[in-house]
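Asker: Next comes the sequence, and after it the predicted model I'd like to discuss.
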Amino acid sequence: MAEKYQNYIDGEWRDSLSGETFENRNPANWDEVVGIFPKSGKQEVDKAVAAARKAFNAWRLMPAPKRGMILKKVGDLMTQRKEEIARLMTREMGKVLAETRGDVQEGIDTAYYAAMEGRRLLGHNAPSELPNKMNLSFKIPVGVAGIITPWNFPMAIPTWKIFPALVCGNSVVFKPASDTPATATKLVKILVEAGVPEGVINIVHGGGSSVGMAIVQHPDVDLISFTGSSDVGSIINSSGGKDLKRISLELGGKNAQIVMQDANLHLALDGVLWGAFGTTGQRCTATSRLILHKDIHDKFMDMLGESANNLKLGDGLIESNQVGPVINEAAREKIHSYIDIGKNDGATMLTGGEFATDGDLSKGWFYKPTIFVDVKQGMRIEQEEIFGPVLSVIKVNDLDEAIKVLNGVEYGLSSSLYTQDVNNAFKAMRDINCGITYINGPTIGAEAHMPFGGTKRTGNGHREGGWEVYDFYTETKVVYVDFSGKLQKAQIDVEYE
Ligand code: NAD
């Protein structure tokens, strides 16, 4: 019997007002229903926003170090339940256990970082231009935060947003992806158990254009933090932007790994296998392009083709499996549609390009790791985010050409260079136009305490993770204290020689 889940609004677990529900199935075995969830809409969002607004005042007045201690407890509870959450996440969205454990760990790291940030939230002070006057700046919360998240990191991404939002004193209305509502509910249960007061955290389940858009358009939601596709990000930006909401967008990627002729090829091979086929290629930071120097192209492709064929596909709950299914039928169809697109554009398919259906794979959305060679800059498989286990390989003559190819897409999230030449490494660090560059590491592997995000159509300039995200969840309040006992006019009563 599948577990029945509810929304959490104003401190109460509730069904949708209509009583309607939706199912969530295991992508590795579509016969298994992971849970049944309330199909909600604008009315539930209205209630959640009203609750968040009501709760905001008391929450903002709680000392930030005390809010931080609640986040510390959240981290402790997540640590205790790491395995249970990872297993649920694997059943819900398919990635292998080693990766879902990592996803939970990222949330734990984010909780402990947030806990200590409650004791920091630093402002500035600066000398006044006038005597007997003091100038200070503080961080103050913004208000009600609308949080909308994708399914591929069902724990890490919500924690990147919700934890700093809460520590800064904002209240939250959270809409998770409808492919991963169970993991999201686990997170909210932990927040409640750790002591987040009623109304401060609310979760509303349902579709993007209904629940998500109702959050974006609600006049009492002050800020929106969204991670997802660039197309939806653009819709949210237009809709929320006209009401002058504060909006953070973390969007798509078309990330590349460059391998130079002097690279350690075994290291580069491990990097591309993990970068391209980890999470079945469904990471915003996945390596979907491999840019090879012409001198090592053929040798490297011999190594890579064989290794990709040997990857073990299957249910992520079985520890020996390396690649899980893709998220759902529509995603598999989209991925598959790129096979003809690549061939018609003149690329050569080296391996993969079909559903994996043998034996235990027959009831899941499995897709064979796929590699295209002879890919040229500008082909659609080289430009568009496929979001699956499909790698496009481009041959180049030198580092300048490699960087030009790497930069020649509309996204700018992650990037990687394998080389042993220190001059090339520093040139790439300077010239690659992405939010993240790895030297001798794959395009994936962000750490919770470092800023995360991308340039160009990957976002709108904000960063998650680390210290920068705290600017997004706060306003800067400047206070001038004049203790001179007389009217002193800035710029006017200042005497400069
Ligand atoms: P998506 O854009 O389809 O959905 C993301 C979220 O937005 C979901 O909760 C969805 O229900 C909601 N949504 C959909 N339409 C909406 C609308 N009109 N108004 C409001 N909300 C709406 O993305 P996805 O398929 O869940 O995730 C994959 C995408 O996310 C990829 O493009 C990937 O690159 C990107 N992603 C980016 C990052 C990053 O940090 N840059 C991280 C992970 C994933």
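Answerer: Yep, it's here.

Asker: what about the helices in the stretch 351-497 of the chain?
Answerer: Along the stretch 351-497 of the chain, the stretches classed as helices by DSSP state H, counting those that start in this stretch are 380-383, 399-407, 422-431, 469-472.

Asker: touching the ligand at all, the first one?
Answerer: Spelled out, that is helix 380-383. No - shown here: helix 380-383 not in contact with the ligand (Cβ under 6 Å from any ligand atom), separated by at least 14.0 Å. C-beta coordinates here come from the backbone N, C-alpha and C atoms, glycine included.

Asker: can you tell me which residues contact P158?
Answerer: 107, 147, 149, 174, 176, 184, 187 (Cβ atoms under 8 Å, 6 or more residues apart in numbering).

Asker: Adding distance to R457, secondary structure and pLDDT, write the residues you listed out as CSV.
Answerer: Compiled in CSV, the contacts of P158 are given as follows (distance: Cβ to Cβ, whole Å; DSSP: H, G, I helix; E, B strand; the rest coil; pLDDT from 0 to 100):
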residue, distance to R457, secondary structure, pLDDT
G107, 27, helix, 98
I147, 22, strand, 98
T149, 19, coil, 98
F174, 25, strand, 99
P176, 24, coil, 98
A184, 26, helix, 98
L187, 29, helix, 98
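
Asker: surely H336 meets W365?
Answerer: No - between H336 and W365 there is no contact under Cβ atoms under 8 Å: 10.7 Å.

Asker: residues from the protein in reach of the ligand?
Answerer: The chain has residues 148-153, 175, 177-178, 208-209, 212-213, 216, 227-229, 232, 235-236, 250-253, 284, 385, 387, 413, 458 near the ligand, with proximity defined as Cβ under 6 Å from any ligand atom.

Asker: Buried members of those residues into PyMOL, please.
Answerer: Applying 16 or more other Cβ atoms under 10 Å to the residues of the chain next to the ligand, the buried members can be selected in PyMOL as follows:
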select buried, resi 148+149+150+151+152+153+175+177+178+208+212+213+216+227+228+229+232+235+236+250+251+252+253+284+385+387+413+458
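
Asker: In helices, which of the residues of the chain next to the ligand fall?
Answerer: Residues of those located in helices (DSSP state H): 213, 216, 232, 235-236.

Asker: Closest one of those to N407?
Answerer: V232 (24.6 Å; Cβ to Cβ).

Asker: Report the contact partners of the residue lying closest to that closest one once chain neighbours are set aside.
Answerer: Distances taken as Cβ to Cβ, 6 or more residues apart in numbering place G208 nearest to V232, at 6.6 Å, with adjacent residues excluded. G208 makes contact with 148, 175, 178, 232, according to Cβ under 8 Å, 6+ apart.

Asker: Against I247, how distant is the first one?
Answerer: Yep, that's I148 we're talking about. Remark: distance between I148 and I247 (Cβ to Cβ, to the nearest Å) = 10 Å.

Asker: Need the overlap of contacts for these two.
Answerer: Common contact partners of I148 and I247 (Cβ under 8 Å, 6+ apart): 224-226, 236.

Asker: biggest separation within these, which pair?
Answerer: The most distant members of the shared contacts of I148 and I247, if one measures by Cβ to Cβ, are S225 and I236, lying 10.2 Å apart.

Asker: anything in contact with each of these two?
Answerer: Common neighbours of S225 and I236, using Cβ under 8 Å, 6+ apart, are 148, 247.

Asker: T348 touches D374, doesn't it?
Answerer: Yes - here T348 reaches D374: they are 4.5 Å apart, a contact under Cβ under 8 Å.

Asker: who's more crowded, those two?
Answerer: Using other Cβ atoms under 10 Å as the criterion, T348 and D374 rank with D374 on top: 16 against 12.

Asker: would you put the C-alpha positions of stretch 402-420 in PDB?
Answerer: Provided in PDB are the C-alpha atoms of stretch 402-420 (Å, rounded to 0.1, in the frame of the first residue of the first chain):
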ATOM      1  CA  ALA A 402      38.900  24.300 -27.200                       C
ATOM      2  CA  ILE A 403      37.900  27.400 -25.100                       C
ATOM      3  CA  LYS A 404      36.100  28.900 -28.000                       C
ATOM      4  CA  VAL A 405      34.000  25.800 -28.400                       C
ATOM      5  CA  LEU A 406      33.400  25.500 -24.700                       C
ATOM      6  CA  ASN A 407      32.200  29.100 -24.500                       C
ATOM      7  CA  GLY A 408      30.200  28.900 -27.700                       C
ATOM      8  CA  VAL A 409      26.900  27.900 -26.100                       C
ATOM      9  CA  GLU A 410      24.100  29.900 -24.400                       C
ATOM     10  CA  TYR A 411      24.800  28.400 -21.000                       C
ATOM     11  CA  GLY A 412      27.700  29.000 -18.600                       C
ATOM     12  CA  LEU A 413      27.400  26.700 -15.600                       C
ATOM     13  CA  SER A 414      30.300  24.300 -15.200                       C
ATOM     14  CA  SER A 415      33.500  23.400 -17.100                       C
ATOM     15  CA  SER A 416      36.600  21.300 -16.800                       C
ATOM     16  CA  LEU A 417      40.100  21.200 -18.100                       C
ATOM     17  CA  TYR A 418      42.500  18.200 -17.900                       C
ATOM     18  CA  THR A 419      46.100  19.300 -18.500                       C
ATOM     19  CA  GLN A 420      49.500  19.100 -16.800                       C
END
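
Asker: What is the distance between that stretch and the centre of its chain?
Answerer: With Cα atoms, centre = their mean, to the nearest Å as the basis, stretch 402-420 stands 20 Å off its chain's centre.

Asker: And stretch 164-173, by the same measure?
Answerer: The answer for stretch 164-173 is 18 Å, by Cα atoms, centre = their mean.

Asker: What's the end-to-end length of that stretch?
Answerer: 14 Å (Cα to Cα, to the nearest Å).

Asker: Leaving out the residues flanking it, which one is nearest to the closest residue to the ligand within the stretch 251-400 of the chain?
Answerer: For the stretch 251-400 of the chain, the residue closest to the ligand is C284, as judged by Cβ to the nearest ligand atom, at 3.2 Å. The shortest distance from C284 to any non-neighbouring residue, by Cβ to Cβ, 6+ apart, is to G253 (4.7 Å).

Asker: which residues touch that neighbour?
Answerer: 283-286, 288, 385, 411, 413-414, 454, 458.

Asker: cool, and M89?
Answerer: Applying Cβ under 8 Å, 6+ apart, the residues contacting M89 are 95, 100, 103-104, 154-155, 180, 183.
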